[in-house]
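> The following comprises the amino acid sequence and a computationally predicted model.
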Amino acid sequence: MKPLLLTNALMMNEDRRYQGDLLIVDGRIEKIAAAIPARTTWNVRDLAGKWLLPGMIDDQVHFREPGLMHKGTIASESRAAVMGGITSYMEMPNVSPPTTTRLALEGKFQRAAEGSLANYSFYFGATNDNLEELKALPADAACGVKVFMGASTGNMLVDDERILEAIFQHAPGLVATHCEDTPTIKRNEALWRERYGEQIPAAEHAAIRSVEACLLSSSRAVALAKKHGTRLHVLHITTADELALFEPAPTLEALRRKTITAEACIHHLYFNQDDYAALGHRLKCNPSVKGQEHQRALWQAVKTGVIDIIATDHAPHLLAEKQNDYFSAPSGLPLVQHALPALLDMCARGIFTPELIVRKTSHAVAERFQIKDRGYIREGYWADLAVINPWKRASIEGSNIAYKCGWSPFEGHTLQGGVVESTLVNGHLVWDGESVAEGIYGQALAFNR
């Protein structure tokens with residue numbers, strides 16, 4: 001691979017903007033300077049007028065492989081991810097068979113090595129009956145241990161209190177939790193079924209997967225983490241009420257001191273309960289998209305550092321499945337291709353700044369998961385980069401949706417904040433704005449643990 005010189009880029013990194021050149025050698029950032037003289041043996045790309053960002057590291061995706069590959073595969077969904085400026089991802093264990101043994105975990109890494117266009121790692125799934133397998137897992141063998149403290153896709157609920165205590169006590173590395181209280185949800189489902197039968201309106205999902213269900217479970221997770229000194233990351237926070245459980249970290253230095261962190265997802269930031277009217281079950285996800293007051297509270301929490309990370313929870317389902325009645329329509333949305341453009345659209349509307357988005361989607365993820373040599377534009381780090389053209393708009397149409405499932409909740413939207421013009425993974429140009437470089441695969445993430 002020839003050295004690649006990127007010139008005249010407006011870099012956004014570590015809460016700063018600065019103009020300059022960046023040289024990539026053997027997949028890593030060799031030099032950053034105001035001006036780097038080009039050599040005839042180098043490839044050169046002029047990025048005048050463009051932004052250069054660290055690629056997004058998505059700490060929560062469901063790529064559906066193995067077992068659910070009619071909905072998505074590692075190859076198809078990582079392709080969509082790099083088109084959206086995502087250069088690394090961490091994938092969830094609720095596939096078929098689930099990733100609940102070290103052998104199954106190894107199998108997913110092998111699949112990714114042969115098909116993932118982005119860098120990758122995988123969660124080990126905790127269950128009611130694999131505690132000894134979990135204890136034997138090296139801390140750097142997986143990005144984290146996933147605990148479903150609420151039932152969702154895949155039926156991996158951990159509801160044995162004795163086992164839950166032991167997971168928080170013995171889990172290697174970081175514990176990531178899906179927090180919804182299943183008994184509360186079951187009671188709500190019974191009440192709403194009495195009112196509507198099987199034809200529950202889509203917007204009622206916000207009440208069934210309720211604020212109370214989220215708060216009960218998140219509170220339990222935080223209490224367990226404090227009791228056992230667990231490194232806890234609570235996924236996809238959706239309510240204003242839960243935010244009081246977490247301490248603000250307005251800077252990366254403050255984040256490094258936290259043992260308990262929280263995440264918000266793009267769809268809970270971009271959409272609110274009013275959007276069910278247009279999207280119906282296409283907006284159905286767990287935990288649910290809730291009212292505007294919760295959406296605005298999440299915006300503020302991102303700004304203050306109560307929310308540390310922004311992710312996608314990309315979870316494709318077939319559109320035909322989404323058109324079923326309430327109890328049959330599955331929960332989850334395809335999001336990786338449009339998450340970063342949607343966040344930039346929110347910047348254009350004055351809700352966030354690009355520097356803040358970079359911190360929440362790249363720097364903070366690398367810090368929290370202790371990822372080695374990624375997440376920043378720094379000399380010596382891997383060249384995982386997204387080039388943004390801020391002068392273009394991203395029009396989401398059926399013809400340009402890359403997901404295997406073929407649809408997006410953003411379809412019909414024109415996002416104002418810019419487009420991902422190109423993406424580099426380990427120094428390779430994998431997306432040039434028109435086509436994907438097939439056959440250039442990412443690497444397994446390494447961790448400083």
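Looks like it came in fine.
> For residue 384, grab the count of nearby residues.
33 (other Cβ atoms under 10 Å). C-beta: built from backbone N, CA, C; applies to glycine.
> wait, it sits on residue 86?
No. The criterion here is Cβ atoms under 8 Å, and residue 384 misses it with residue 86 at 9.5 Å.
> intersection of neighbour lists for these two?
Counting by Cβ atoms under 8 Å, 6 or more residues apart in numbering, the contacts common to residue 384 and residue 86 are 55, 57.
> next one: stretch 342-349 to chain centre, how far?
17 Å (Cα atoms, centre = their mean, to the nearest Å).
> ignore the last one, stretch 315-335
Centroid separation for stretch 315-335 versus its chain: 19 Å, with Cα atoms, centre = their mean.
> Could I get the CA-only coordinates of it as CSV?
The C-alpha trace of stretch 315-335 is given here as CSV (Å, rounded to 0.1, in the frame of the first residue of the first chain):
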residue,chain,number,x,y,z
ALA,A,315,-31.0,-4.1,14.3
PRO,A,316,-32.4,-4.9,10.8
HIS,A,317,-35.7,-6.8,10.3
LEU,A,318,-37.6,-7.4,7.0
LEU,A,319,-40.0,-4.7,6.2
ALA,A,320,-42.8,-7.3,5.7
GLU,A,321,-42.3,-8.4,9.4
LYS,A,322,-42.6,-4.7,10.5
GLN,A,323,-46.0,-4.6,8.9
ASN,A,324,-47.4,-7.2,11.2
ASP,A,325,-49.7,-6.4,14.2
TYR,A,326,-48.1,-5.1,17.4
PHE,A,327,-47.3,-8.4,19.0
SER,A,328,-45.9,-10.0,15.8
ALA,A,329,-43.9,-7.0,14.6
PRO,A,330,-40.2,-7.4,15.7
SER,A,331,-38.3,-4.6,17.5
GLY,A,332,-35.3,-3.0,15.9
LEU,A,333,-34.2,-0.5,13.2
PRO,A,334,-31.4,-0.5,10.6
LEU,A,335,-29.3,2.5,11.3
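> tell me which residues in it are buried?
Neighbour-count burial for stretch 315-335 flags 315, 316, 317, 322, 326, 329, 330, 331, 332, 333, 334, 335 (criterion: 16 or more other Cβ atoms under 10 Å).
> what's the answer for stretch 120-132, then?
Under the neighbour-count criterion of 16+ other Cβ under 10 Å, stretch 120-132 has 120, 121, 122, 123, 124, 125, 126, 127, 130, 131 buried.
> Which helix or strand contains residue 216?
Using DSSP states H and E, residue 216 sits in helix 211-228.
> Show me what whatever helix or strand comes next after that helix is in contact with.
For helix 211-228, the following helix or strand on the C-terminal side (DSSP H and E) is strand 231-234. Applying Cβ under 8 Å, 6+ apart, the external contacts of strand 231-234 come out as 59, 144, 168, 173-177, 179, 218, 221-222, 224-225, 242, 245-246, 259-263, 309, 368.
> again with stretch 294-310
59, 211, 233, 237-240, 243, 246-251, 254-255, 258, 261-266, 268-269, 271-272, 343, 351-352, 356-357, 360-361, 364-365, 368.
> before we move on, back to that, so what secondary structure elements neighbour the helix holding residue 216?
Using 3 or more Cβ pairs under 8 Å, 6 or more residues apart in numbering; DSSP states H and E, the elements in contact with helix 211-228 are helix 161-170, strand 174-178, helix 182-196, strand 231-234, strand 260-265.
> Out of the ones you listed, which is the most enclosed?
Greatest average neighbour count among the helices and strands packed on helix 211-228 goes to strand 174-178 (a mean of 26), per mean count of other Cβ atoms under 10 Å.
> Could you check the angle it makes with strand 260-265?
Orientation check (axes from the mean of the first three to the mean of the last three Cα atoms, to 10 degrees): strand 174-178 against strand 260-265 gives 50 degrees.
> all strands for the stretch 301-449 of the chain, in order.
Ranges of strands in the stretch 301-449 of the chain, per DSSP state E, counting those that start in this stretch, are 309-311, 385-389, 394-395, 414-415, 419-425, 428-431.
> Since that was my last question, I'll sign off now.
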